[in-house]
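Participant: no sequence on this one, just coordinates:
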């Protein structure tokens, strides 16, 4: 068998394999379309065109012709808010992930932007939040908070009239989104100062807690050093001892004991 013949045979086999793949793919597609037509016929109803994801689309991805396709869909089975025109969403970024084969809806482009209304008599400020400030977990807007400043010298109550103006979300141990709160004008400076220094702590009082009694009467005015540090300081300090005074005291004690025996 010559080298040329083997080259031609290899090319023919490769072409045959490609043709087989194309035929198989068309067959699978035809079966899928047939199954879809059967479903449409079974359920009946009007058929509409919907924009469907052809592959998984993650949050932040941009909609394009490479990840979407217009397909026929039973109108009764179409999700609410589905898009029927691909041009309406081309170039937009997805905020909620989409699985392959799912129609795109307005929910997939929803944003968390909300309008914050500051109550009368309060000043709206933005502060960071998370594990460091003590406010973790989901806290709903409208919740009343208390603010403390915790330093090396003690704990100081800043305000008990803080209103949460925005939801904190499900988990805020680490969050880059600022927290919007409403505070009294007289408390704004001290709260912003404590937040800037990283000493601000927020607490959520319960329903039965009297906010007027949330003071710092039982809080230490000064942080005392630990026993270990005190012992280490005594060990590291050389205290001079007067040996003559010690001997005189022992002699006097011995004399008094002898006199009592006599």
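Facilitator: Nice, I can see it. No experiment lies behind these values; they were computed from the predicted model shown.
Participant: and residue 64, that one's in a helix?
Facilitator: No. Secondary structure of residue 64 (DSSP: H, G, I helix; E, B strand; the rest coil): coil, not part of a helix.
Participant: What residues does it make contact with?
Facilitator: 90, 91 (Cβ atoms under 8 Å, 6 or more residues apart in numbering). In short, each C-beta sits where N, CA and C put it, glycine included.
Participant: Could you shift the numbering so residue one becomes 460, and keep it that way?
Facilitator: Yes, from this point I'll number from 460; that puts the last item at residue 523.
Participant: Can you show me the strands along the stretch 460-609 of the chain?
Facilitator: All strands of the stretch 460-609 of the chain, identified by DSSP state E, counting those that start in this stretch, fall at 506-512, 527-533, 582-586, 603-610.
Participant: Tell me what angle the last one forms with strand 582-586.
Facilitator: Per axes from the mean of the first three to the mean of the last three Cα atoms, to 10 degrees, the angle that strand 603-610 makes with strand 582-586 is 50 degrees.
Participant: Let's test this: mean pLDDT of the helix or strand that strand 603-610 is followed by, rounded?
Facilitator: Elements were assigned by DSSP states H and E; along the chain past strand 603-610, the next helix or strand is strand 613-623. Mean pLDDT, computed over strand 613-623, is 88.
Participant: before we move on, what about stretch 644-653?
Facilitator: 90.
Participant: Quick check: buried residues in that stretch?
Facilitator: 646, 649, 650, 653 (16 or more other Cβ atoms under 10 Å).
Participant: of all the strands of the stretch 460-609 of the chain, which lies closest to residue 549?
Facilitator: Evaluated with Cβ to Cβ, the strands of the stretch 460-609 of the chain place strand 527-533 nearest to residue 549, the distance being 8.3 Å.
Participant: Sheet-wise, list the partners of that closest one with their directions.
Facilitator: strand 506-512 (antiparallel) (DSSP bridges).
Participant: closest one to residue 564 among the strands of the stretch 460-609 of the chain?
Facilitator: So among the strands of the stretch 460-609 of the chain, strand 506-512 is nearest, using Cβ to Cβ, at 9.2 Å.
Participant: what does that closest one contact?
Facilitator: 499, 526-534, 537, 541-545, 548, 557-563.
Participant: Just the buried residues of that strand, please?
Facilitator: Buried residues in strand 506-512 (16+ other Cβ under 10 Å): 507, 509, 510, 511, 512.
Participant: do the same with stretch 518-529
Facilitator: Buried residues in stretch 518-529 (16+ other Cβ under 10 Å): 520, 522, 526, 527.
Participant: show me what contacts the second one?
Facilitator: This means residue 522. So residue 522 contacts 516, 548, 549, 550, 551, 552, 553, 563 (Cβ under 8 Å, 6+ apart).
Participant: Endpoints of stretch 526-543, how far apart?
Facilitator: Start-to-end span of stretch 526-543 (Cα to Cα, to the nearest Å) is 15 Å.
Participant: For that stretch, the averaged confidence score.
Facilitator: Mean predicted confidence for stretch 526-543 is 87.
Participant: before we move on, the earlier item: any chance of JSON lines for the strands of the stretch 460-609 of the chain, columns distance to residue 575?
Facilitator: Output for the strands of the stretch 460-609 of the chain, formatted as JSON lines (distance: least, Cβ to Cβ, whole Å):
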{"stretch": "strand 506-512", "distance to residue 575": "33"}
{"stretch": "strand 527-533", "distance to residue 575": "35"}
{"stretch": "strand 582-586", "distance to residue 575": "6"}
{"stretch": "strand 603-610", "distance to residue 575": "15"}
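Participant: now, among the buried residues of stretch 518-529, which is nearest to residue 625?
Facilitator: Using Cβ to Cβ, the buried residues of stretch 518-529 come closest to residue 625 at residue 520, 27.1 Å.
Participant: Distance of residue 585 relative to residue 559?
Facilitator: Per Cβ to Cβ, to the nearest Å, residue 585 is found 39 Å from residue 559.
Participant: I meant to write residue 485 there.
Facilitator: In terms of Cβ to Cβ, residue 485 sits 20 Å off from residue 559.
Participant: Could you list the domains of this structure?
Facilitator: 506-568, 582-672 (the TED database).
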